[in-house]
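[1] Next input, structure requested:
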Amino acid sequence: MSDIQVIETRDGSSSLLIPEMNETYHSTHGAITESEYVFLKMGLDHFREKHKEQKIIRILEIGFGTGLNPWLTTMAVLGQEIDIRFTSIEKYPLAPDLVAQLNYKDQKSGEMSKKLFTKLHQATWEEESQISDQLTLTKVKTDIADFNPDSECFDLIYFDAFAPSKQPEMWSYEVLRKMYDLLTPNGVFVTYCAQGQFKRDLKAVGFETEELDGPPGKKEMTRGTKLI
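    Residues are numbered from 1 along each chain as shown. Reported below is the predicted structural model:
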């Protein structure tokens, strides 16, 4: 993807605009605000509340993008008794010069936040990297069609693909079925999207779905649970 532009969202944090798709990587109402609400509060925090005794949590992220979600996750669990094993797939990794223009490190105070953001992006693709005492990261350069790990190997999925109107193949029944199969029993799937056909397909593959209040700028978002 060429001609990607760095933009500033309403909460002051960076995102990226792809002019040829007229699509941004995050909500223009606030990149950090959206990610913290959708993926941490409604995803990770929800899962941990339901599974308080579980100390190892395996997360799959669809769309590494700017690294915002794994960075915020790393920051959120610092110093806690938890072992996050985070896998993120991305077909088109960003060029280092674009990453250098992102201002996330300036949005969170302290040298540790800057150090962790740098470690995430410097981590070698296809290898497990220890980002903090609480989180290991494996970045995989692939698309969803070619990503075939063992079934039932993730507890939580951050589904952060581009919108269905821009990338419909990512939201197909077949992809959602794969997500269902990759989750452990009682695993959780969370996304910013609340599009009608997507929610119907999510139910059709077997998820128990919840329509939740969305982050700023979005009326709703969706969470699915694999009940067995």
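[2] host element of residue 71?
    Secondary-structure element containing residue 71, defined by DSSP states H and E: helix 68-76.
[3] what's the neighbour count on residue 168?
    13 (other C-beta atoms under 10 Å). Quick note: C-beta positions are derived from backbone N, CA and C, even for glycine.
[4] cool, and residue 81?
    8.
[5] isn't there a helix covering it?
    No - with DSSP: H, G, I helix; E, B strand; the rest coil as the criterion, residue 81 is located in coil rather than a helix.
[6] ok, residues contacting the helix or strand of the chain with the lowest mean pLDDT?
    Taking mean pLDDT, DSSP states H and E as the measure, the chain has helix 104-107 as its least confident helix or strand, at a mean of 82. Identification of contacts with helix 104-107 by C-beta atoms under 8 Å, 6 or more residues apart in numbering yields 12-14, 31-32, 66, 68, 71, 113-114, 117.
[7] if you look at those residues, which of them are in helices?
    31-32, 68, 71, 113-114, 117 (DSSP state H).
[8] Quick check: ChimeraX command selecting the buried ones in those.
    Per 16 or more other C-beta atoms under 10 Å, the buried members of these correspond to this ChimeraX selection:
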select :31,32,68,71,113,117
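[9] what's the farthest-apart pair in the ones in helices among the contacts of helix 104-107?
    For the ones in helices among the contacts of helix 104-107, the farthest-apart pair by C-beta to C-beta is 31 and 114; their separation is 17.1 Å.
[10] what residue is smack in the middle of the protein?
    Central residue of the chain (C-alpha atoms, centre = their mean): residue 158, 3.9 Å from the mean position.
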